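> would you be able to build a 3D model of this:
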Amino acid sequence: MKHNNVMNVGIIGTGLLGSAVATRLLNTGHNVTIYNRTLEKTKPLEVLGAHVTESPKKVAERSDLVITIVKDLDAVEAISFGKDGIVFGKHEKLIVSDMSTINPMSSRKISQKYSQYGIPMMDSPVMGGPALAEKGQLVVMIGGKKDVYERCKTVFDSIAERTFFLGDNGMADAMKLAMNLQISLLALSLSEGIIFSKKAGLDPLVFLEVLNSTYFKTGMSTLKGPKMARGVFEPSFFLSVMQKDLDEINYTAEQLKVNLPAARLARELYQKAAKDGFAEMDYTGIMAYLEKINKSNS
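Alright, predicted model coming up:
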């Protein structure tokens, strides 16, 4: 499948999501240049046809659009403005789009800093994991200038089933945090339902069957629920990353002066789980942590 309007796209950060986005773009005919701090993670993409570079600057020099998909705010700033950062590869066509999950206030500051170099920047976090990225079925949220988004719409159309343009810089990051709050609380609710039903002598798979036959079913209870009930927590999104996102959610809530008691509790539970050895599990591995504390209480 080839697009008529092919772009030169850079991907910085080839973790679970970054690799999947790069794979999808390669499979839809885009020219893809990649950089990752750990070189081994770029090898499978190089085999598919991606050009591997040794710095964010080199990615920028070869790309019309650079998508950054890194762990946190510090990483975004380092690849943007640090040694051999994106800004040093500036050229007339360059656009930057940050797909990392950071808070909206920091996102606005970063976009302002990019604008001082004459580089337009958008925030473009996504919903949906690596599997949906490879199928082109992500939901993409965009914050920034509409005309900048329009210039690279074909790239987002390649990876997304739906795209929401939400307004100025930071608005998409705010939406992403609101979404990830839902996910963290759903994972906790589902975990406690499974543990509760087990303790009551019920088959947790039957609990899920009943739940999924009602109005209250979710994609998580349908797809992840049976794995959780069987104790399978293969990561599509690391628990440690959800914990970092809950830090960002709570920080943003403080800045907005909004009281979110469930978000605070979720952060506390995910922090404890990450410290207790569950960090590299899937975010639904919060259930394994809750089971552990139940064993120690019994």
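
> list the helices and strands the helix or strand hosting Lys113 packs on?
Assigned by DSSP states H and E, Lys113 falls within helix 104-116. Secondary-structure packing of helix 104-116 (3 or more Cβ pairs under 8 Å, 6 or more residues apart in numbering; DSSP states H and E): helix 73-81, strand 95-98, strand 121-123, helix 171-199, helix 239-256. (C-beta placed from N, C-alpha, C; glycine too.)

> let's have these in JSON lines, adding mean neighbour count and distance to Leu223.
Formatted as JSON lines, the helices and strands packed on helix 104-116 follow (neighbours: other Cβ atoms under 10 Å; distance: least, Cβ to Cβ, whole Å):
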{"stretch": "helix 73-81", "mean neighbour count": "19", "distance to Leu223": "29"}
{"stretch": "strand 95-98", "mean neighbour count": "27", "distance to Leu223": "28"}
{"stretch": "strand 121-123", "mean neighbour count": "28", "distance to Leu223": "27"}
{"stretch": "helix 171-199", "mean neighbour count": "19", "distance to Leu223": "11"}
{"stretch": "helix 239-256", "mean neighbour count": "20", "distance to Leu223": "17"}
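
> same list (the ones you listed) but as TSV, adding distance to Cys152 and mean pLDDT.
Below are these laid out as TSV (distance: least, Cβ to Cβ, whole Å; pLDDT from 0 to 100):
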stretch	distance to Cys152	mean pLDDT
helix 73-81	18	97
strand 95-98	6	98
strand 121-123	9	98
helix 171-199	14	98
helix 239-256	25	97
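
> out of those, flag the one nearest Phe156.
strand 95-98 (8.5 Å; Cβ to Cβ).

> what sits up against the closest one?
60, 64-68, 76, 80, 86, 107, 110, 114, 119-125, 144, 148, 151-152 (Cβ atoms under 8 Å, 6 or more residues apart in numbering).

> do stretch 127-141 as well
16-17, 19-21, 23-24, 27-28, 123-126, 156, 158-164, 166, 172, 175-176, 179, 236-237.

> is there a quick ChimeraX command that grabs whichever of the residues you listed are buried?
A single ChimeraX command selects the buried members of the contacts of stretch 127-141 (16 or more other Cβ atoms under 10 Å):
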select :16,17,19,20,21,23,24,27,28,123,124,125,126,156,158,159,160,163,166,172,175,176,179,236,237
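
> if we can go back for a sec, would CSV of the helices and strands packed on helix 104-116 with distance to Glu209 be doable?
Formatted as CSV, those follow (distance: least, Cβ to Cβ, whole Å):
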stretch, distance to Glu209
helix 73-81, 42
strand 95-98, 41
strand 121-123, 39
helix 171-199, 11
helix 239-256, 26
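
> looking at the ones you listed, which is closest to Glu54?
helix 73-81 (12.8 Å).

> elements contacting the closest one?
strand 65-68, helix 104-116.

> next, the buried residues of the longest one.
Taking 16+ other Cβ under 10 Å as the neighbour-count basis, helix 104-116 is seen to contain the buried residues Pro104, Ser106, Ser107, Arg108, Ile110, Ser111, Tyr114.

> which single one of those residues is nearest to Leu190?
Distances from Leu190 to the buried residues of helix 104-116, taken by Cβ to Cβ, are shortest for Pro104, at 27.9 Å.

> excluding residues flanking it in the chain, which one is nearest that closest one?
Of all residues not flanking Pro104 in the chain, Gly170 sits nearest, at 3.4 Å (Cβ to Cβ, 6 or more residues apart in numbering).
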